[in-house]
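*Asks:* A predicted structure for the sequence below; I have some questions about it.
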Amino acid sequence: MNNSQTPLAGRVPAQTDELLVVENLGKSYGDHQVLGDISVTVRSGEFMCIVGPSGAGKTTLLQCLSGLINPTSGTVSLRGKVVTEPPAEMAIVFQDYSRSLMPWLSVLDNVMLPLRSATKDKAERKKKAMEALIEVGLKDHVEKYPWQLSGGMQQRVAIARALAYAPAIVLMDEPFASVDAQTRGDLEDLTLKLKNHLGITIVLVTHDIDEAVYLADRVLVLGNKPTQVVDLIETHLGTERDQISTKATREFAQLRTRVYQEIRHGDIPSSAGSVAAPAAS
């Protein structure tokens, strides 16, 4: 696709390597410590997936990254500015798309809604919303209501709403957990396409190891509570990925096995943070 067909392309300016910096982050509720001393840097333009055992605090971490909740210790900084509330340059896509969309508004109006804080010009809001809906393949459904769409199409609306805001970074919390397997694969591929085409940065929380390895440039593996970083793994699977051929490679299988072992045992390997699967011989 060229830029004339996809006007969102190129709207996100190039950023420095360190876009989101997490330093010694901790979160407690009373005497109950959920997150313990997490430090990680999210690079501009990368796709990072966060995985860990059930109940390890993945969503709590994402909420701290977004400014929805404040950490007990440590900091989160976006472009050098400490995050204390949801930044204007950040968009969030939640798992429960049915609750995030307004059923009485059309698809177009749902995407336009958050743009009211960015511009008072209705024509400009409509233009940006239409560009985003074209990106996610919904240009022929703009006048429909969410309840007239499938679950996968509703999640596309939620993604379009995030893109319309032209964010520097998108946080996604289990965004495909509520759809069937085929739709999930389609949405994964859509998200990869958008990330590569628009140059945005994505941090996605998932419990699905295959999904994490397939999507990510780096996989952040978390251990049990108080949650700490077990590993940060470079995938090196390339930008062009396919649901069948990529997942059939030896590299994918080795990465998947490594992540599964680390989640299951919670051990920090001596090579933590350094790794990719060996290159094919």
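*Replies:* Happy to help now that I have it.

*Asks:* Pull the residues that contact stretch 173-180.
*Replies:* 59, 62, 92-98, 151-152, 155, 158-159, 183-184, 187-188, 191, 204-208, 211 (CB atoms under 8 Å, 6 or more residues apart in numbering). (C-beta placed from N, C-alpha, C; glycine too.)

*Asks:* Apologies, that question was intended for stretch 220-228.
*Replies:* So stretch 220-228 is contacted by 26, 33-38, 40, 48-53, 55-58, 60-61, 229-233, 259, 262-263, 266, 268 (CB under 8 Å, 6+ apart).

*Asks:* go on, stretch 143-162?
*Replies:* 91-94, 97-98, 100-108, 110-111, 113-114, 129, 132-133, 135-138, 141, 170, 175-176, 178-180, 183, 186-187, 190-191, 194.

*Asks:* Among those, name the ones in helices.
*Replies:* 97-98, 100, 107-108, 110-111, 129, 132-133, 135, 183, 186-187, 190-191, 194 (DSSP state H).

*Asks:* What is the burial count for Asp140?
*Replies:* By the measure other CB atoms under 10 Å, the count of residues near Asp140 is 9.

*Asks:* pLDDT value on it, please?
*Replies:* Per-residue confidence (pLDDT) for Asp140: 92.

*Asks:* Use 490 as the first number from now on
*Replies:* Taking 490 as the first residue, the last one we looked at is Asp629.

*Asks:* What are the buried residues along the helix or strand containing Gln750?
*Replies:* Counting by DSSP states H and E, the element that carries Gln750 is helix 739-754. Within helix 739-754, the residues that count as buried by 16 or more other CB atoms under 10 Å are Glu740, Phe741, Leu744, Arg745, Arg747, Val748, Glu751, Ile752.

*Asks:* what about Val511, distance to Cys553?
*Replies:* Distance of Val511 to Cys553, computed by CB to CB, to the nearest Å: 8 Å.

*Asks:* check contacts around Asp629.
*Replies:* Asp629 neighbours (CB under 8 Å, 6+ apart): none.

*Asks:* Can you select the buried ones from the contacts of stretch 662-669 in ChimeraX?
*Replies:* Buried residues among those (16+ other CB under 10 Å), as a ChimeraX selection:
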select :548,551,581,582,583,584,586,641,644,647,648,672,673,676,677,680,693,694,695,697,700
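
*Asks:* neighbours around Met619, how many?
*Replies:* 19.

*Asks:* Provide a list of residues in contact with it.
*Replies:* Applying CB under 8 Å, 6+ apart, the residues near Met619 are Leu597, Lys628, Val631.

*Asks:* What is the nearest of those residues to Arg707?
*Replies:* Lys628 (33.0 Å; CB to CB).

*Asks:* give me the number of residues near the closest residue to the closest one other than its chain neighbours?
*Replies:* Residue nearest to Lys628 in three dimensions, not counting chain neighbours: Leu622, with 5.6 Å by CB to CB, 6 or more residues apart in numbering. Leu622 has 25 neighbours, counted by other CB under 10 Å.

*Asks:* Check the spacing between Leu622 and Leu638 real quick.
*Replies:* From Leu622 to Leu638 the distance is 12 Å (CB to CB).

*Asks:* joint contacts of the two?
*Replies:* What both Leu622 and Leu638 touch, as defined by CB under 8 Å, 6+ apart, is the set Val596, His630, Val646.

*Asks:* Among the residues you listed, which one lies nearest to Thr573?
*Replies:* Among the shared contacts of Leu622 and Leu638, and counting by CB to CB, the member closest to Thr573 is Val646, at 29.3 Å.
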